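Chemist: okay, here's the prediction I keep looking at, along with the sequence it came from:
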Amino acid sequence: MTLAALDAVSLSSAPGWLSFSAAIAWSLAKLRGGDTSPPAAKDWKWWALIALALLAFRWPLLWVPHQNNPDESQLIAGAITLRHDPVFWRSVDGGTAGPAVFYPLLPSAWAHGTAAYATARLIALATVFFTLVFAAKTVALFSGAALARIAVLPAVGFHAFTTNPDFTHYSTELTPALLIAIAGYLAVLQARTPRRRLVWIIALLLGSVPWAKPQAVPLAAVLWLCVVVSEFRASRRSSFAPLLIGGLIPTLACFGLAAISGQTEHLIVPFFLHNFAYVQKPAFSWGQAIGMQWQNALLDGYLACWIAATAVTLLLALGFGSRTQPPLKRTTWLAALLLVVGVYCALGPRRPSAHHLQLLTLPFIWATGAALAVASVRATGLATDRTRWIASGAFLLAALAPQIGWRMFGPDPFAPFNHSGLSQERRELTKLVREFSAPDEPVGIWGWRCSLYVEAGRSQATRQAQTEAQIHPSPLQSYFLQRYFEDIQATNPPVFVDSVGPGNFAFVSANEAHEVFPPLREWVRTHYTHVASLDGTRFYLRNDRLPPSAAKSP
């Protein structure tokens, strides 16, 4: 038996297996009689089983002592910095992510090292859980509670079983997915039982998506347009103003805060101009991006099983769509459209990071719910216990059973990474930072070593946690270099670290070190002393913090 199999049946996994098995049995039992009404108050018990399963399987991964992804440390570093100065763009520039992604991470800012990572991963798991909840609640409104549970189970399996670090950390795709999930549920609710306040909430949620992750904007925009069309067809013209004004309120709030704090330029240039230039220069072609993302889905198998089975189910449903009633047929085609847009969002940057695939969770569940509803209906337009059992059983056998088998008996390609610890040199570097800086003092870093902020529990001396925009040539490089230099002069951090060199992430060449920027080179040479070289980094200490034995010669 493999190590993965031993882990799967170990005592630590037992609560996960028991609760997930109970949730599956409950779901299949509720297929009898249809259970076509929306989830009742008792449904919280089913979701409690799902929450326990997710937590039990993920629990060991919460405590991996190092970053799962460089973005994970960058986001936590931003939260630590916002704890000391809560004004976004004055203290933190999120790059391709906006303030709506960073502020939910503030609880992790009061911890550091493993505790900070664990807190952030727990927040990520909670975000995933509530995305699943609202996705299933949406499906229940048009397919019934029984099929909604079936539709969400393979997604639960993927999120529970995966050990891929790209899917277990707090990624920038999770918050916009939750915002869209809530908005989608309210949109279907609004179509059934119209209320003016629902329109306002939908608009506010979708209008917040650009300020979480611009990459998810196409999905939010299409959903917003669907709501507009639905309100138009229902002759509720009074909804148009709330949809427009409510959608603009988050943007007006962000620009207002930036104007009041004098940061308008630092909002517009990096968040709009730089991100626009970023997507205009993709690293790969569409074909390459699709192939590489499919390889990412295949790495541990769980996501690939779910995607493949859902795609086949949806294609079959569309093929038999002419035999269904018009409302269900429209729902199925709308779900297919949203799935296509979701795929576009995941692939759009054509920089195939695996965590971009998190944007597929929501549209895949929506599409699955619609497809199962179609597959459960006979030509007469009526669903029976038999058709529901056949459709649901076939889907779970294709989408969930392989995941369970792989978790129990398949190898875990990420075990070496998840079981590795921090090197001695890395611990010594963190110790130096803590020794020569106070908890409320920032640290200056050149390169991409955001993990040092987290492991040492220190805030950023510059708005950007890493210096990709300063190192890579672009029309805006001079802007980012100048801003970096102004920030580091203003904060005057007691510690400066150059993390460019062999073994580092992204930047390893001496031609990318801080010395290539003359003003920064002179500033560091004048105000700092090189004290140590550890773990591929050069550690500099501000001259007034030097111990007597290391003081500079006059």
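Modeler: It's in. No experiment lies behind these values; they were computed from the predicted model shown.

Chemist: now do the strands in this structure.
Modeler: 442-446, 459-460, 495-498, 528-534, 537-542 (DSSP state E).

Chemist: may I have the last one as CSV, with CA atoms only?
Modeler: Read that as strand 537-542. This file holds the C-alpha atoms of strand 537-542, laid out as CSV (Å, rounded to 0.1, in the frame of the first residue of the first chain):
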residue,chain,number,x,y,z
THR,A,537,20.1,36.5,0.0
ARG,A,538,22.3,39.4,1.1
PHE,A,539,21.4,40.8,4.5
TYR,A,540,22.0,44.5,5.1
LEU,A,541,21.7,46.4,8.3
ARG,A,542,21.2,50.1,8.7
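
Chemist: ok, that strand: who's next to it in the sheet?
Modeler: strand 495-498 (antiparallel), strand 528-534 (antiparallel) (DSSP bridges).

Chemist: just name the most buried of those.
Modeler: Ranked by mean neighbour count under mean count of other C-beta atoms under 10 Å, these are led by strand 495-498, which reaches a mean of 25. To be clear about C-beta, it is placed using only N, CA and C from the backbone, and glycine gets the same treatment.

Chemist: let me know the average pLDDT across that strand.
Modeler: On average, the pLDDT along strand 495-498 is 97.

Chemist: now Leu178, nearest residue through space, not along the chain?
Modeler: Closest residue to Leu178 apart from its sequence neighbours, by C-beta to C-beta, 6 or more residues apart in numbering: Thr131 at 4.8 Å.

Chemist: can I assume that neighbour is in contact with Ala177?
Modeler: Yes. At 5.1 Å, Thr131 counts as touching Ala177 under the criterion of C-beta atoms under 8 Å.

Chemist: which residues do those two both contact?
Modeler: Counting by C-beta atoms under 8 Å, 6 or more residues apart in numbering, the common neighbours of Thr131 and Ala177 are Thr361, Leu362.

Chemist: these two - which one has more neighbours?
Modeler: Using other C-beta atoms under 10 Å, the more surrounded residue of Thr131 and Ala177 is Ala177, with 30 against 25.

Chemist: check contacts around that one.
Modeler: Thr127, Thr131, Ala216, Gln358, Leu359, Thr361, Leu362.

Chemist: go again with 10 Å.
Modeler: Counting by C-beta atoms under 10 Å, 6 or more residues apart in numbering, Ala177 touches 127-128, 130-132, 134-135, 171, 209, 212-213, 216, 219, 342, 345, 358-363.

Chemist: was I right to think the residue nearest to Leu178 contacts Ile365?
Modeler: Yes. Contact criterion C-beta atoms under 10 Å: Thr131 and Ile365 qualify, at 8.8 Å.

Chemist: what residues do these two have in common as contacts?
Modeler: Ala155, Ala181.

Chemist: surely Pro242 touches Ala203?
Modeler: Yes. Pro242 lies in contact with Ala203 (C-beta under 10 Å); the separation is 5.9 Å.

Chemist: more neighbours: these two, which one.
Modeler: More neighbours surround Ala203 than the other of Pro242 and Ala203, with 24 against 19 (other C-beta under 10 Å).

Chemist: let me know how buried the residue nearest to the more buried one when sequence neighbours are not counted is, in neighbour terms.
Modeler: Among residues not flanking Ala203 along the chain, Gly246 sits closest, at 2.8 Å (C-beta to C-beta, 6+ apart). By other C-beta under 10 Å, the residues close to Gly246 number 20.

Chemist: residues in contact with Gly246?
Modeler: Gly246 touches Val199, Trp200, Ile201, Ile202, Ala203, Leu204, Leu205, Leu206, Gly207, Trp224, Ser239, counting by C-beta under 10 Å, 6+ apart.

Chemist: just send those residues back as JSON lines, with distance to Phe167 and pLDDT too.
Modeler: Converted to JSON lines, those look like this (distance: C-beta to C-beta, whole Å; pLDDT from 0 to 100):
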{"residue": "Val199", "distance to Phe167": "34", "pLDDT": "97"}
{"residue": "Trp200", "distance to Phe167": "34", "pLDDT": "97"}
{"residue": "Ile201", "distance to Phe167": "29", "pLDDT": "97"}
{"residue": "Ile202", "distance to Phe167": "28", "pLDDT": "98"}
{"residue": "Ala203", "distance to Phe167": "31", "pLDDT": "98"}
{"residue": "Leu204", "distance to Phe167": "29", "pLDDT": "98"}
{"residue": "Leu205", "distance to Phe167": "24", "pLDDT": "98"}
{"residue": "Leu206", "distance to Phe167": "25", "pLDDT": "98"}
{"residue": "Gly207", "distance to Phe167": "28", "pLDDT": "97"}
{"residue": "Trp224", "distance to Phe167": "28", "pLDDT": "97"}
{"residue": "Ser239", "distance to Phe167": "37", "pLDDT": "93"}
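
Chemist: TSV for the strands paired with strand 537-542, including distance to Gln470?
Modeler: What follows is the strands paired with strand 537-542, written out as TSV (distance: least, C-beta to C-beta, whole Å):
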stretch	distance to Gln470
strand 495-498	12
strand 528-534	18
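
Chemist: quick one: the top helix by length along the chain to chain centroid distance?
Modeler: The longest helix of the chain (DSSP state H) is helix 114-143. Mean-position distance between helix 114-143 and its chain equals 11 Å (C-alpha atoms, centre = their mean, to the nearest Å).

Chemist: by contact count, what packs against it?
Modeler: Secondary-structure packing of helix 114-143 (3 or more C-beta pairs under 10 Å, 6 or more residues apart in numbering; DSSP states H and E): helix 44-62, helix 70-84, helix 145-161, helix 165-168, helix 174-192, helix 326-347, helix 361-375, helix 451-456.

Chemist: swap in 6 Å and give it another go.
Modeler: The contact analysis (3 or more C-beta pairs under 6 Å, 6 or more residues apart in numbering; DSSP states H and E) places helix 114-143 against helix 44-62, helix 145-161, helix 174-192, helix 361-375.

Chemist: export the ones you listed to a markdown table and tack on distance to His112 and mean pLDDT?
Modeler: A markdown table is the format used below for these (distance: least, C-beta to C-beta, whole Å; pLDDT from 0 to 100):
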| stretch | distance to His112 | mean pLDDT |
| --- | --- | --- |
| helix 44-62 | 15 | 95 |
| helix 145-161 | 27 | 95 |
| helix 174-192 | 22 | 96 |
| helix 361-375 | 30 | 90 |
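
Chemist: and the ones you listed as JSON lines, adding distance to Leu105?
Modeler: Formatted as JSON lines, those follow (distance: least, C-beta to C-beta, whole Å):
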{"stretch": "helix 44-62", "distance to Leu105": "15"}
{"stretch": "helix 145-161", "distance to Leu105": "19"}
{"stretch": "helix 174-192", "distance to Leu105": "10"}
{"stretch": "helix 361-375", "distance to Leu105": "20"}
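
Chemist: looking at those helices, which is nearest to Arg407?
Modeler: With C-beta to C-beta as the criterion, Arg407 lies closest to helix 145-161 of the helices and strands packed on helix 114-143, at 4.4 Å.

Chemist: could you check the angle that closest one makes with helix 361-375?
Modeler: 140 degrees (axes from the mean of the first three to the mean of the last three C-alpha atoms, to 10 degrees).

Chemist: list every C-alpha atom in helix 145-161, with coordinates, as PDB.
Modeler: Taking C-alpha atoms only, helix 145-161 is exported to PDB below (Å, rounded to 0.1, in the frame of the first residue of the first chain):
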ATOM      1  CA  ALA A 145     -32.300  20.400  -3.500                       C
ATOM      2  CA  ALA A 146     -31.600  16.700  -4.300                       C
ATOM      3  CA  LEU A 147     -29.800  17.400  -7.600                       C
ATOM      4  CA  ALA A 148     -28.000  20.400  -6.100                       C
ATOM      5  CA  ARG A 149     -26.300  18.200  -3.500                       C
ATOM      6  CA  ILE A 150     -25.300  15.700  -6.300                       C
ATOM      7  CA  ALA A 151     -24.000  18.600  -8.400                       C
ATOM      8  CA  VAL A 152     -21.700  19.900  -5.600                       C
ATOM      9  CA  LEU A 153     -20.300  16.600  -4.300                       C
ATOM     10  CA  PRO A 154     -17.500  16.200  -6.900                       C
ATOM     11  CA  ALA A 155     -16.500  19.800  -6.200                       C
ATOM     12  CA  VAL A 156     -16.300  19.000  -2.500                       C
ATOM     13  CA  GLY A 157     -14.300  15.900  -3.300                       C
ATOM     14  CA  PHE A 158     -11.700  18.000  -5.300                       C
ATOM     15  CA  HIS A 159     -11.300  20.600  -2.600                       C
ATOM     16  CA  ALA A 160     -11.200  18.100   0.200                       C
ATOM     17  CA  PHE A 161      -8.800  15.600  -1.500                       C
END
